[in-house]
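From the sequence below, what's the structure:
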Amino acid sequence: MKMYDLYKTDDWKKEKHVPVIDCPDAVAKGQMFKVTVTLGKEIAHPNETKHHICWIEAYFKPEGAKFPYQLGRFEFTAHGASVDGPDTSGVYTHHEASFSMKTEAPGVVLATAYCNIHGLWESEKAVGLK
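Residues are numbered from 1 along each chain as shown. Down below sits the predicted model:
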């Protein structure tokens, strides 16, 4: 089995586990732009001790490049658990990550996410230059 065999994908409008990448379709060369990655944009993903998103990773692969560049890894570690048990703390982190980036070339933003019950998910969005 290869690692890529473990990643699932689908239409984010129908599947709550697929990362949703929100950024411009085209950007100015060398200018910073904002990227937000979240899950459950159309169908809410649970965020509780027994079912939650553990992390999101984001990458950018410029056109013609051999490998992608890692943009960030964002971990979500508060899911309501406390010393009193599951879902007792009232403290939860939401599975959303925002960052800014710039590029000299068009390419693809890739996002992966891990659900503690349903495994690995991925998506991508092309970013062109204006």
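
Going by neighbour count, which residues in stretch 81-89 are buried?
Of all the residues in stretch 81-89, those buried under the rule 16 or more other Cβ atoms under 10 Å are residue 81. All C-beta spots, glycine's among them, are computed from the backbone N, C-alpha and C.

CA atoms only: put it into CSV for me.
Output of stretch 81-89 as CSV, limited to C-alpha atoms (Å, rounded to 0.1, in the frame of the first residue of the first chain):
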residue,chain,number,x,y,z
ALA,A,81,-11.9,16.8,26.9
SER,A,82,-10.8,17.5,30.5
VAL,A,83,-9.8,15.5,33.5
ASP,A,84,-13.5,15.2,34.1
GLY,A,85,-14.0,13.3,30.8
PRO,A,86,-15.0,13.8,27.2
ASP,A,87,-16.8,17.0,26.2
THR,A,88,-16.6,18.5,29.7
SER,A,89,-14.1,21.4,29.4
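
Wait, a helix at residue 126?
No - counting by DSSP: H, G, I helix; E, B strand; the rest coil, residue 126 falls outside a helix, being strand.

excluding its backbone neighbours, what's nearest residue 54?
residue 114 (4.7 Å; Cβ to Cβ, 6 or more residues apart in numbering).

so when I look at the one you found, I'm seeing a helix, right?
No - when three-state DSSP is applied, residue 114 is found to be strand, with no helix at that position.

and it, what does it touch?
Contact partners of residue 114, counting by Cβ atoms under 8 Å, 6 or more residues apart in numbering, are 53-55, 120-121.

Scan those and report the most crowded one.
Neighbour counts for those (other Cβ atoms under 10 Å) peak at residue 53, which has 28 neighbours.

So in terms of bridging, what pairs with it?
residue 115 (DSSP bridges).

From residue 25, how far out is it?
26 Å (Cβ to Cβ, to the nearest Å).

And for residue 119?
Distance from residue 119 to residue 25, by Cβ to Cβ: 29 Å.

higher neighbour count, those two?
Between residue 119 and residue 25, counted using other Cβ under 10 Å, the more crowded position is residue 119 (12 against 9).

List the contacts of the more buried one.
Contacts of residue 119 (Cβ under 8 Å, 6+ apart): 6, 8.
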